[in-house]
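Asks: With the input below, show me the fold.
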Amino acid sequence: MSDIRPDTSSYVLSRIYAQGWNAGKKVLASGTVEVSVARAAIRNPYTTPEEQARWMKGFTDSFEHRAGPFTTPGANSWRGPTPRAKARIS
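Replies: Numbering: from 1, shown residues only. Purely as a prediction, here's the structure:
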C-alpha cells in the first residue's frame with residue numbers, strides 16, 4: 001500500500017508530477033539535448049514507487065509537450081522561437 005494518505009493522494013501526486021515537469025523544463029533550459037533514463041532517475045527525489053513513477057512521468061512529459069511560445073526558449077508573444085535542438089530521453 002502507498003505511504004500517501006488516500007484523501008490527499010490525488011493532490012500530492014499532482015504536485016509530484018509538477019515537480020518532475022519543472023525539473024525537466026530546467027534541463028531543457030540548460031541546453032541539454034539528451035538525457036538518459038539513469039540520469040533522470042538520479043534527479044528523482046522520491047522513494048516510493050508510486051511517487052517515483054509520477055515524478056518521472058512529469059519529467060518525461062516536459063520533453064514531449066511544449067505548450068506555445070512562452071515555453072519555447074527565446075520566444076515571446078511578439079516574435080517566434082529561436083531554433084534549437086530538440087531534447088530527447090534515451
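
Asks: only C-alpha atoms for contact and neighbour calcs from this point on.
Replies: Noted.

Asks: And the strands in this protein, which stretches?
Replies: Ranges of strands in the chain, per DSSP state E, are 34-35, 88-89.

Asks: want to try a markdown table for these, with mean pLDDT, mean neighbour count and distance to residue 13 as columns?
Replies: Below are the strands of the chain laid out as a markdown table (pLDDT from 0 to 100; neighbours: other CA atoms under 10 Å; distance: least, CA to CA, whole Å):
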| stretch | mean pLDDT | mean neighbour count | distance to residue 13 |
| --- | --- | --- | --- |
| strand 34-35 | 80 | 16 | 23 |
| strand 88-89 | 70 | 14 | 22 |
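
Asks: The nearest residue to residue 62 once chain neighbours are set aside: neighbour count?
Replies: In space, and not counting its chain neighbours, residue 62 is closest to residue 21: 5.1 Å by CA to CA, 6 or more residues apart in numbering. Using other CA atoms under 10 Å, residue 21 has 22 other residues around it.

Asks: In contact with residue 21, which residues?
Replies: 55, 57, 58, 59, 60, 61, 62 (CA atoms under 8 Å, 6 or more residues apart in numbering).
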